[in-house]
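Enquirer: give the three-dimensional model of this entry:
(one chain, ligands or ions: 1)
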Amino acid sequence: MTESFDAVDLIVAKRERRTLETAEIDWLVDAYTRGVVADEQMSAWAMAVLLNGMDRREIRDLTLAMIASGERMSFDGLSRPTVDKHSTGGVGDKITLPLAPLVAAFGVAVPQLSGRGLGHTGGTLDKLESIPGWRADVTPDEMRRQLADIGAVICAAGGDLAPADKRLYALRDTTGTVEAIPLIASSIMSKKIAEGTSALVLDVKFGSGAFMQRREDADELARTMVDLGTDAGVTTVALLTDMSVPLGLAVGNAVEVAESVEVLAGGGPADVRELTVALAREMLALAGQPDADPAAALDDGRAMDVWRRMVAAQGGDPDAPLPEARERTTITAETDGVLVEQEAKGVGVAAWRLGAGRARQGDPVQAGAGVLLHAKRGDRVSAGQPLATLLTDDSGRIPRAESMLRDAMRIAPAGTAVEPRPLIAGRIAADGRTRPAREARAR
Ligand code: URA
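Expert: So this is what the prediction gives:
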């Protein structure tokens, strides 16, 4: 086969800041998928993109080319509107668990294709797999049936969605090119658009426990993804949320399921409930129900009913006791004062070291491992008061995790002011406007 372009020309073009034509981008992705463009060429090109960027049309072309490399799902014919949610991931981020059944309680279909965790942010499937009997693998037919009957499904994404992205993402992981915003945005959105949802709400996080440390970068990523969704005909809205402290009090697998169930029962930590309700409002508005009251559906048991049916449909027993770690150690405050720091990344790495996460794809995770926090940033604490409990099946993991966790927390003298940080810092919709925190939260 005669090739239309040459990989070296396209690498040099990006190196020299030229805008690539649609046909060039289509060829590059297709030739990479066919093995004509080598990994080292694609990584050089990814580095040129990281350094020199891409414009909106190029990012859209890259996204569409990655979608075209695989299958596209379609939920046409379902009697319910479909709305999906994607979070860029954070420490203690279990929001998908209560959110999918909550939104489904309003008659909306929520197809939630999720992944397993790598590194210090946990994966939704790892969390759900701590429920005895629950299985992540669902056939496309089963998925459709579950969406039609129950409204919510959280399951593993098949390998056929955007396979070019799968290869490129693995390559970026080993070549220092993960952080390029055009590449992150096209990677996430190619999978979401290929999933066939008609509307999408993004939770783009910033802060120490997030992928994007800086608010400005999260803003740019959110705006880029909203543009991509809009250009592809998927109505997309993004909330920008603070991930400098963990979300909720539980970080791990079974402990995060337990906390999600508390939220579904109308309780749970205030921040987890706040974000669940805010995202549900956005999803319901996109599904044509701007006046729906998701908080009420948490309080009156409607969301819990859907959760129980959703878990049972995938073989899980919603009444079975969740696995517990064999070993537990509690850290206490050494002095009186105010907890002024509870750094999300440190807490996430501690949970990961305890066995809640994996270092390499395919490693097993411990269902019961993790960290339970007993105080939140800004709380007054007294000497001897429990701050956190470490959970693991393997006591040898405790010392390194404990030192990480201690380093993540700092107590300052009583009376020290702690600057409040709103959890929901902004909202970006198709008009491209970023609304300030107060307006975003008031919605
Ligand atoms: N998640 C993805 O799916 N892709 C990225 O590039 C980053 C995070």
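Enquirer: roughly how far is stretch 414-429 from the heart of the chain?
Expert: 21 Å (CA atoms, centre = their mean, to the nearest Å).
Enquirer: start and end of it, how far apart?
Expert: Counting by CA to CA, to the nearest Å, the length from the leading to the trailing residue of stretch 414-429 is 41 Å.
Enquirer: got it, and stretch 386-398?
Expert: With CA to CA, one end of stretch 386-398 sits 16 Å from the other.
Enquirer: buried stuff in it?
Expert: Of the residues in stretch 386-398, those with enough neighbours to count as buried (16 or more other CB atoms under 10 Å) are 387, 388, 389, 390, 391, 392, 393, 397, 398. Yep, even glycine has a C-beta here, placed from its N, CA and C like the rest.
Enquirer: ok, residue 65 touching residue 165?
Expert: No. With contact defined as CB atoms under 8 Å, residue 65 does not reach residue 165; the gap is 9.8 Å.
Enquirer: and the closest residue to the ligand within the stretch 151-300 of the chain, which of the three is it?
Expert: For the stretch 151-300 of the chain and the ligand, the shortest gap (CB to the nearest ligand atom) falls at residue 187, measuring 3.4 Å. Per DSSP: H, G, I helix; E, B strand; the rest coil, the secondary structure class of residue 187 is helix.
Enquirer: that one contacts residue 168, correct?
Expert: Yes. Judged on CB under 8 Å, residue 187 makes contact with residue 168 at a distance of 7.1 Å.
Enquirer: joint contacts of these two?
Expert: Residues touching both residue 187 and residue 168 comprise residue 66, with contact defined as CB atoms under 8 Å, 6 or more residues apart in numbering.
Enquirer: out of those two, which sits in the busier spot?
Expert: Comparing residue 187 with residue 168 by other CB atoms under 10 Å, the one with more neighbours is residue 168, at 27 against 22.
Enquirer: residues near the nearest residue to residue 52 once chain neighbours are set aside, how many?
Expert: Sequence neighbours aside, residue 17 is the residue nearest to residue 52 in space, at 4.9 Å (criterion: CB to CB, 6 or more residues apart in numbering). Here the count is done by other CB under 10 Å, and residue 17 has 10 residues near it.
Enquirer: please say which of residue 65 and residue 165 ends up with more neighbours.
Expert: For residue 65 versus residue 165, neighbours defined as other CB under 10 Å are more numerous around residue 165 (26 against 23).
Enquirer: how is this protein partitioned into domains?
Expert: Domains of the chain are assigned by automatic domain parsing as 7-68, 84-160+168-320+423-435, 327-412.
Enquirer: the longest one: how far from the chain's middle?
Expert: Here domain 84-160+168-320+423-435 shows a centroid-to-chain-centroid distance of 6 Å under the convention CA atoms, centre = their mean.
Enquirer: that one - what's its average pLDDT?
Expert: Domain 84-160+168-320+423-435 shows a mean pLDDT of 94.
Enquirer: show the contacting residues for the nearest residue to the residue of the stretch 151-300 of the chain closest to the ligand once chain neighbours are set aside.
Expert: Once its chain neighbours are removed from consideration, residue 187 has its nearest residue in residue 165; the separation is 5.0 Å (CB to CB, 6+ apart). With contact set as CB under 8 Å, 6+ apart, residue 165 has these partners: 66, 69, 186, 187, 190, 191.
Enquirer: doesn't residue 49 make contact with residue 180?
Expert: Yes. The criterion here is CB under 8 Å, and residue 180 meets it with residue 49 at 5.3 Å.
Enquirer: coming back round to it: dump the buried residues of stretch 386-398 into JSON lines; add pLDDT as well.
Expert: Conversion of the buried residues of stretch 386-398 to JSON lines gives the following (pLDDT from 0 to 100):
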{"residue": "387", "pLDDT": "98"}
{"residue": "388", "pLDDT": "98"}
{"residue": "389", "pLDDT": "98"}
{"residue": "390", "pLDDT": "98"}
{"residue": "391", "pLDDT": "98"}
{"residue": "392", "pLDDT": "98"}
{"residue": "393", "pLDDT": "98"}
{"residue": "397", "pLDDT": "97"}
{"residue": "398", "pLDDT": "98"}
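Enquirer: the residues you listed in strands, which ones?
Expert: Using DSSP state E, the members of those that fall in strands are 387, 388, 389, 390, 391, 392.
Enquirer: of those, which are in range of the ligand?
Expert: Residues of these in contact with the ligand (CB under 6 Å from any ligand atom): none.
Enquirer: turn those residues into TSV, including distance to residue 254.
Expert: Shown next, in TSV, are those (distance: CB to CB, whole Å):
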residue	distance to residue 254
387	21
388	17
389	13
390	14
391	9
392	12
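Enquirer: just to revisit the earlier point, my read is the residue nearest to residue 187 is in a strand, agree?
Expert: No. Counting by three-state DSSP, residue 165 is not found in a strand; it is helix.
Enquirer: so how many other residues sit close to the residue in the stretch 1-150 of the chain positioned nearest to the ligand?
Expert: In the stretch 1-150 of the chain, no residue comes nearer to the ligand than residue 88, which is 6.5 Å away by CB to the nearest ligand atom. The number of residues packed around residue 88, counting by other CB under 10 Å, is 23.
Enquirer: how about residue 340, phi and psi?
Expert: Residue 340 adopts backbone torsions of phi -100, psi -20, taken as degrees, to the nearest 10.
Enquirer: residue 424 reaches residue 278, doesn't it?
Expert: Yes. Under the criterion of CB under 8 Å, residue 424 makes contact with residue 278 at 5.6 Å.
Enquirer: sec struct for residue 268, please.
Expert: Three states are possible here, and by three-state DSSP the one that applies to residue 268 is coil.
Enquirer: contacts only, for the residue of the stretch 1-150 of the chain closest to the ligand.
Expert: Counting by CB under 8 Å, 6+ apart, residue 88 has contacts 188, 202, 203, 204, 205, 210, 211, 212, 218, 221.
Enquirer: that's a helix at residue 153, yeah?
Expert: No. Applying three-state DSSP, one finds residue 153 to be strand, outside a helix.
Enquirer: grab the nearest non-local neighbour of it.
Expert: Across the structure, with CB to CB, 6+ apart as the measure, the residue nearest residue 153 apart from its sequence neighbours is residue 146 (4.5 Å).
Enquirer: lovely, talk soon.
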